[in-house]
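> Based on what follows, work out the 3D shape:
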Amino acid sequence: MLRLLRTCVASVLVGTCSVGGALAQTLPVQPVLTLEAARVVLKAAQAKAQAEHWPCVIAVVDSSGLPIVLERMDDAAVPAGVELAPGKARTAALFRRPSGALEDAINGQRPAALSARGFVLMRGGLPISVNGRIVGAIGVSADTPDHDEVIAKAGIAALVP
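Residues are numbered from 1 along each chain as shown. From the prediction side, this is the model:
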């Protein structure tokens, strides 16, 4: 094992490290949210927002909180949503829980959560889980927190019924 590790460390310098054999077969497999899947989530969320007449901003990110797609609907209720929606999605992806849980924490027994700089501690970000693994998240910024969550849930339901 130490020999394999030394070989990989040396190989990293030239970009040739690979793990083969039985060890590679024991590594966990992480599902990935593809661009196509992110678009399915976004389109379903957008359809819900349009049906309810709640124009908004919708963002879908990968499990690392990095953006995949973002859409600002015409007449989005909150212009700052172009910052808030991806921030809510990033927060949900990286904390592995709804962004609203952090809002509850700062309003309840855990005001120290305010020290989590760079995150959006507001409702509207929900993680996307497939087979028990977080593959990404959706963030929505509409006119109310309740509408944000309804839209986000509709998006997720299109991928994970």
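> And the helix or strand Gly136 falls within, what's buried?
Following DSSP states H and E, one finds Gly136 within strand 133-141. Counting neighbours by 16 or more other Cβ atoms under 10 Å, one finds that the buried residues in strand 133-141 are Ile134, Val135, Gly136, Ala137, Ile138, Gly139, Val140, Ser141. Heads up, the C-betas are built off the backbone N, CA and C, glycines and all.
> Check stretch 140-150 too.
Applying a neighbour-count criterion of 16+ other Cβ under 10 Å, the buried positions in stretch 140-150 are Val140, Ser141, Ala142, Pro145, His147, Asp148, Glu149, Val150.
> Just send the residues you listed back as a markdown table, with distance to Val57 and pLDDT too.
Written out in a markdown table, the entries for the buried residues of stretch 140-150 read as follows (distance: Cβ to Cβ, whole Å; pLDDT from 0 to 100):
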| residue | distance to Val57 | pLDDT |
| --- | --- | --- |
| Val140 | 7 | 98 |
| Ser141 | 5 | 98 |
| Ala142 | 8 | 97 |
| Pro145 | 14 | 97 |
| His147 | 12 | 98 |
| Asp148 | 10 | 98 |
| Glu149 | 14 | 98 |
| Val150 | 15 | 98 |
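> And the buried residues of strand 133-141, which is closest to Gly65?
For the buried residues of strand 133-141, the minimum distance to Gly65 (Cβ to Cβ) is 7.3 Å, reached by Ala137.
> Who are the contact partners of the closest one?
Taking Cβ atoms under 8 Å, 6 or more residues apart in numbering as the criterion, Ala137 is in contact with 60-61, 65, 88-93, 125-128.
> ok, what's across the strand from it?
When assigned by DSSP bridges, Ala137 has beta-bridge partners Val61, Pro127.
> Pretty sure Val150 sits against Lys48.
Yes: in this structure, Val150 is within contact of Lys48 by Cβ atoms under 8 Å, at 6.8 Å.
> Distance of Arg72 relative to Ser141?
Distance check for Arg72 against Ser141: by Cβ to Cβ, to the nearest Å, it reads 9 Å.
> brain fart, Gly21
Where Ser141 is concerned, Gly21 sits at a distance of 48 Å (Cβ to Cβ).
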